[in-house]
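Trainee: Got a sequence here, can you model it:
(4 chains)
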There are 4 protein chains.
Amino acid sequence: MKKIRVGIFGATGYAGLNIFRILSNHPFVDLKYLSSHSNSGESYKKLFPSFNTDLVLGPTVPEVAEDLDACFIALPAGETSKFVIDLIKANNNIIVIDLGADFRFKEKEIYERTYNIKHNCPEILKESVYGLPEINREKIKTAKIIGNPGCYPTSVLLGLYPIIVNFKESIENIIADSKSGVSGAGRKIAKDYLFCEINESVKPYAARFHRHQPEMNEQIKLISSKAPDLIFTPHLIPMQRGILSTIYVFFKENLPGEETIKELYYEKYKNEMFIRVLDGDLPSTAMVKSSNLCAINICKTSDKTLKIFSAIDNLIKGASGQAVQNLNIIFDFPENLSLTNLPEVI
Amino acid sequence: MKKIRVGIFGATGYAGLNIFRILSNHPFVDLKYLSSHSNSGESYKKLFPSFNTDLVLGPTVPEVAEDLDACFIALPAGETSKFVIDLIKANNNIIVIDLGADFRFKEKEIYERTYNIKHNCPEILKESVYGLPEINREKIKTAKIIGNPGCYPTSVLLGLYPIIVNFKESIENIIADSKSGVSGAGRKIAKDYLFCEINESVKPYAARFHRHQPEMNEQIKLISSKAPDLIFTPHLIPMQRGILSTIYVFFKENLPGEETIKELYYEKYKNEMFIRVLDGDLPSTAMVKSSNLCAINICKTSDKTLKIFSAIDNLIKGASGQAVQNLNIIFDFPENLSLTNLPEVI
Amino acid sequence: MKKIRVGIFGATGYAGLNIFRILSNHPFVDLKYLSSHSNSGESYKKLFPSFNTDLVLGPTVPEVAEDLDACFIALPAGETSKFVIDLIKANNNIIVIDLGADFRFKEKEIYERTYNIKHNCPEILKESVYGLPEINREKIKTAKIIGNPGCYPTSVLLGLYPIIVNFKESIENIIADSKSGVSGAGRKIAKDYLFCEINESVKPYAARFHRHQPEMNEQIKLISSKAPDLIFTPHLIPMQRGILSTIYVFFKENLPGEETIKELYYEKYKNEMFIRVLDGDLPSTAMVKSSNLCAINICKTSDKTLKIFSAIDNLIKGASGQAVQNLNIIFDFPENLSLTNLPEVI
Amino acid sequence: MKKIRVGIFGATGYAGLNIFRILSNHPFVDLKYLSSHSNSGESYKKLFPSFNTDLVLGPTVPEVAEDLDACFIALPAGETSKFVIDLIKANNNIIVIDLGADFRFKEKEIYERTYNIKHNCPEILKESVYGLPEINREKIKTAKIIGNPGCYPTSVLLGLYPIIVNFKESIENIIADSKSGVSGAGRKIAKDYLFCEINESVKPYAARFHRHQPEMNEQIKLISSKAPDLIFTPHLIPMQRGILSTIYVFFKENLPGEETIKELYYEKYKNEMFIRVLDGDLPSTAMVKSSNLCAINICKTSDKTLKIFSAIDNLIKGASGQAVQNLNIIFDFPENLSLTNLPEVI
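Mentor: Got it, this is the predicted structure:
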């Protein structure tokens, strides 16, 4: 198969770095361009001395699109959408996989309210696809612009999906209590992410509102317009990678037995190579660490209440791995190409 | 003031060890006896080589009660209640502070169902007091037997207390999602608590039922018999000490404004030296680490839903510190004697 | 290329588990057999629920060798050598890669003194090869039995090798101060490896003597019989994977300039795909995490003293990865097959 | 006893914060003033919300010295010495305990070369005392200015002291390989101290030269002018608090037996309440965590080589605790006042 030419804009953040790592094992990808705002001109190896690469970081400029078949973008909200317009001008055929929020929403008003930024290309928003393959695979196949899901939404939506689809109208309340490793904050240099502030501590944040809530709500309501807004609390815990979402669902009517509900999960995910519906065990983030997997289990605790547990590696299935999964789908490669690593359970 | 003579039965577990540490700074305590099942006959210093003590571990036998004014007990469920009968025979005046579950319940049926053990002295159960000072201080003052609360119940009940008291009949649902450091499991030598199993992972456990649920439910219903059973999920996170409980409460009727609810907390806890109702910040376990504090804040997220956050050090306020607090109350010492350490926020 | 049939004896320990993970990405390996002492009869997936495998653990019996071209062994010292005799009886052509110490020594006396066990097949010892490819590649190519090096020896020997070769007679003293993650202890369930004993602590162990010392000394003296015995101290630090060895070498004569010494490293390792001689940076274990790399740098601190820093992932280059590297060499596969993952620098 | 009035200049860094914590339990200290460069005007409680204090941070100005009997200073190198001149002008009787390097050296040339700063008051340098009580107690008693030792020097010097004193002329080489928790870097907000950069990694730094080397060398040579310069390598390991120094000493002549050497330690430290010369166990940082203790043991590995292990809590004995110990000595309080906490061995 002919190799595709790929670029990464924003290659020095945690997402870009992990895309680089994954693609370095991809047989049909020719990595042509890496950009960085602050390190342009430096060799990639200077930043990551144990990497054996000759690539030199370039500026984040759209002209390079001419020589690319696809690109990954990890730029700040608002800048991305502007940049994408220019990219498409430079190469109308380029496939864009954006790891930020600019192309995750169908309704620009929600985006603008959530991020407090005017969207630069609402017309493109209409054709972009929310890149959660387990839900949107068919649309992804023909997409030219992917809004790669956020890490919390990936964990929550994969856990909730079979429930929303099957109990469309009878869901009363949804609570998602998520526990995340610190890499979710990216390479931000701030007091809150210092080792001594994180170690031996757990803390909630954004208790009143988190930007991933509207993203989750929009996706849930695309499946069932009657579903309630979810109540969400993210927490930082002292680890690097991984998100566990504990989801509590209250129903208006009595549920069927737990085994019957479980069957809905097996059925929905029977052909999914990255979803592990567990039998007996509860998911832990160790079960999926460094892999593109999502591990799920449920527990019915009363006639009308259900607990759902969903674990991912926030940097892989929650960001870079899912982005490469989307690339594989679009280019009709085997969906797990360069994503076959088993999790580092130890 | 005359010193009281104190013993610790089960002095080598995490709880006993921390009681020893705290009492070593207590001006009115004369630590006379330490017992251990497996290390009887050894010097305490052999186990904890940096401790400068001449105490030698003795067997766990009731006769030594004759020379004690008070004792702390950390023995397995079921054995404690048997042992307490013998202790009282040996010294009818001894004050007993039990760190296990044998004296936490009013109704022996709940205890027996929860722990699957027949209670050895239900008659004593009637006079024992649940040792949560912020709720039961008056009863504790005259108690002879204290059932020291579990770590999860301490964090959850302190967070919920002002709400249960003030919204007795209008609470529809309570969810407590707790995140605990690993020391909560005690010194159990098992695969699940190995460093490599815990590090870089978060996992839920006991999702269907945890033994602390009936303890919490009984206490809640003593305040409001109309309150619902709570839904509870404990999680292990990769840290040593600390519990953060994130509590979601759904109400049947519209709530007053957040500030009004907050006032209920300030009012209820205004004289409590170990409760910190925060202003602005959300609690983290770092805020209370190595101290006997409980840090609390709330967030009203809709007309009928409230989030409550409550953080403690599971080994101190959740076990040994609270036990010493109870001792101070019973003996009419200043309540914070030997418990004045500020938290290790770093 | 035709696939080879491979077995793992002792597949549930950390080493066996990671060999399984690596081989699951190996295009020319057909994984036929997994054994376990304590879990025989169970499905592998039961132990590692997120793995998608149908393999069932069998007993550790030699007969299965008939259907294997190669096998990895992770059994206790002493048992392995006995087992190998039976394996060879069952299949005289089988390639054996032993991850224990039974085939690491040339002189059986050193082995017997170090492990306090009589060696079961000293005659086989003579033909076995110490599997450190960067030093012994030619011998490995034709070996039938590999003694896969210990984790500490791998890190120390790769760091020292260019120095021993080039300054054969002028080395006065060598100190290796190694810092290891806890997985080096394997899946041993013991108090010392509990999360609460390891977390937030660093401790030396085996200060008087460690079993890897004779292994290192024998290898060093095979290169230069005049080299001194090394002084070694291993330390446990609160992390899962990784070893950093800080090596101090005192010389009898003045050294050339640091750049000249560095050239010896570049020269010696110029064709090694898993060695990174760093330029400017000092090695960290993050630089090599989850990869088969060894990162090295040096620092000349006086005319006659040199510091050498060497970092590996103890579970990969220090055990399972190096074992697969040896397999690749023996079967004339590309040496890095299934070992191309870039390190998880974040 | 009458209370002394104390101020902390630089109260929001890790050292200042821990001095505040310790002094909050000191019966004879009246904490009158806290200063901060960047948070002047804010309440201390705003920064540390679980602290129950009404103190408001003020500017770092010398005039406040008029109302102070003693102060702790944690300002940047160079600024401190200037500030001390002004402090003394404002109050000639004030006791100054400086946690930086400005008053640690006897010879200003060494200071100036090491820190690349001109010393502002070399005349004061002459009367300042290096505040390591176990070595300098008599001088400290009458000192007016204390240079509180660095964290690495505290761990190394306490480990070496009995050896330097007893084997003055026969020491050939000293290597100190130190492993430090991250809090040693203070509250510096930099990429290197982010959780994701530190977690699951160990790395050496300052391999060529570290600022604590001249400090250690000067102190060693004050005891024995014939002692060699030490070779030093600091390492960052993934924990918050604690330093373990592994010290290798080569001797010119044969040593006496290990027990005899051990006796030198027992003898030298027999009256020291903060030194634990261990019997059998090797020191770990857990053994001393959150305490003012230093745990030491030795291991003779050949006729002429000795290993010494020394563990401290870098924030307590390595900084704030030692500073308060110096205060207690100067004011003739019991030396361990407010420093009696037993270590958090778990």
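Trainee: so what does the lowest-mean-pLDDT helix or strand in chain A touch, helix or strand wise?
Mentor: Least confident helix or strand of chain A, by mean pLDDT, DSSP states H and E, is helix A:122-127 with a mean of 92. Judged by 3 or more Cβ pairs under 8 Å, 6 or more residues apart in numbering or on different chains; DSSP states H and E, helix A:122-127 is in contact with helix A:79-90, helix A:108-115. For glycine as for every other residue, the C-beta is placed from the backbone atoms N, C-alpha and C.
Trainee: So which bits of the stretch 151-300 of chain A are right by chain C?
Mentor: Within the stretch 151-300 of chain A, the residues that sit near chain C (Cβ under 8 Å from any Cβ of the partner chain) are A:183, A:187, A:199-200, A:240, A:273, A:276, A:278-281, A:287-288, A:290-291, A:293, A:295.
Trainee: Now list the buried members of those residues.
Mentor: For those, a burial check counting by 16 or more other Cβ atoms under 10 Å in any protein chain shown picks out A:183, A:187, A:199-200, A:240, A:276, A:278, A:281, A:287-288, A:290-291, A:293, A:295.
Trainee: Now do the same for the nearest residue to A:Lys82 once chain neighbours are set aside: its pLDDT.
Mentor: The shortest distance from A:Lys82 to any non-neighbouring residue, by Cβ to Cβ, 6 or more residues apart in numbering or on different chains, is to A:Asn120 (4.5 Å). Note for A:Asn120: predicted pLDDT of 91.
Trainee: before we move on, what about A:Ala207?
Mentor: Confidence score, pLDDT, at A:Ala207: 98.
Trainee: Next one, pLDDT for the residue nearest to it when sequence neighbours are not counted please.
Mentor: In this structure, A:Ala207 finds its nearest non-sequential neighbour in B:Cys299, 4.3 Å apart by Cβ to Cβ, 6+ apart. Per-residue pLDDT puts B:Cys299 at 98.
Trainee: OK, contacts around B:Cys299?
Mentor: Applying Cβ atoms under 8 Å, 6 or more residues apart in numbering or on different chains to B:Cys299 gives the contacts A:207-208, B:258, B:282, B:306-307, B:309.
Trainee: nearest to C:Phe83, of the residues you listed?
Mentor: B:Phe309 (55.7 Å; Cβ to Cβ).
Trainee: where does A:Leu327 land in three-state SS?
Mentor: helix (DSSP: H, G, I helix; E, B strand; the rest coil).
Trainee: Which parts of the stretch 51-200 of chain A are helices?
Mentor: Assigned by DSSP state H, counting those that start in this stretch, the helices in the stretch 51-200 of chain A fall at A:79-90, A:108-115, A:122-127, A:133-141, A:151-166, A:195-198.
Trainee: nearest to C:Tyr111, of the ones you listed?
Mentor: Comparing the helices of the stretch 51-200 of chain A by Cβ to Cβ, helix A:195-198 comes nearest, at 42.2 Å.
Trainee: can you give me how far that closest one is from the chain middle?
Mentor: Put simply, helix A:195-198 sits 25 Å off its chain's centre (Cα atoms, centre = their mean, to the nearest Å).
Trainee: just checking, next helix/strand downstream of it?
Mentor: For helix A:195-198, the succeeding helix or strand toward the C-terminus, using DSSP states H and E, is strand A:203-204.
Trainee: Is that next one in proximity to chain B?
Mentor: Yes. Part of strand A:203-204 sits near chain B under the criterion Cβ under 8 Å from any Cβ, namely A:203-204.
Trainee: Deepest-packed of the helices and strands packed on helix A:122-127, please.
Mentor: Burial of the helices and strands packed on helix A:122-127 is given as mean neighbour count (mean count of other Cβ atoms under 10 Å in any protein chain shown); helix A:79-90 ranks first at a mean of 19.
Trainee: what mean pLDDT does that one have?
Mentor: Rounded mean pLDDT across helix A:79-90 is 94.
Trainee: And for stretch A:257-271?
Mentor: According to the model, stretch A:257-271 has a mean pLDDT of 98.
Trainee: and that stretch with chain B, contact?
Mentor: No. Using Cβ under 8 Å from any Cβ, stretch A:257-271 stays clear of chain B, coming no nearer than 9.6 Å.
Trainee: how far out from the middle of the chain is that stretch?
Mentor: Chain-centre distance of stretch A:257-271: 23 Å, with Cα atoms, centre = their mean.
Trainee: Only C-alpha atoms, please: export that stretch in PDB.
Mentor: Presented in PDB, the C-alpha positions along stretch A:257-271 are these (Å, rounded to 0.1, in the frame of the first residue of the first chain):
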ATOM      1  CA  GLY A 257     -32.100  -7.600  35.200                       C
ATOM      2  CA  GLU A 258     -28.500  -6.800  35.200                       C
ATOM      3  CA  GLU A 259     -27.600  -9.700  32.900                       C
ATOM      4  CA  THR A 260     -30.100  -8.400  30.400                       C
ATOM      5  CA  ILE A 261     -28.600  -4.900  30.500                       C
ATOM      6  CA  LYS A 262     -25.100  -6.400  30.200                       C
ATOM      7  CA  GLU A 263     -26.300  -8.100  27.000                       C
ATOM      8  CA  LEU A 264     -27.000  -4.700  25.500                       C
ATOM      9  CA  TYR A 265     -23.400  -3.900  26.000                       C
ATOM     10  CA  TYR A 266     -22.100  -7.100  24.500                       C
ATOM     11  CA  GLU A 267     -24.400  -6.700  21.600                       C
ATOM     12  CA  LYS A 268     -23.500  -3.100  20.900                       C
ATOM     13  CA  TYR A 269     -19.800  -3.600  21.200                       C
ATOM     14  CA  LYS A 270     -19.400  -7.100  19.800                       C
ATOM     15  CA  ASN A 271     -17.400  -6.000  16.800                       C
END
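Trainee: Fine by me, thanks again.
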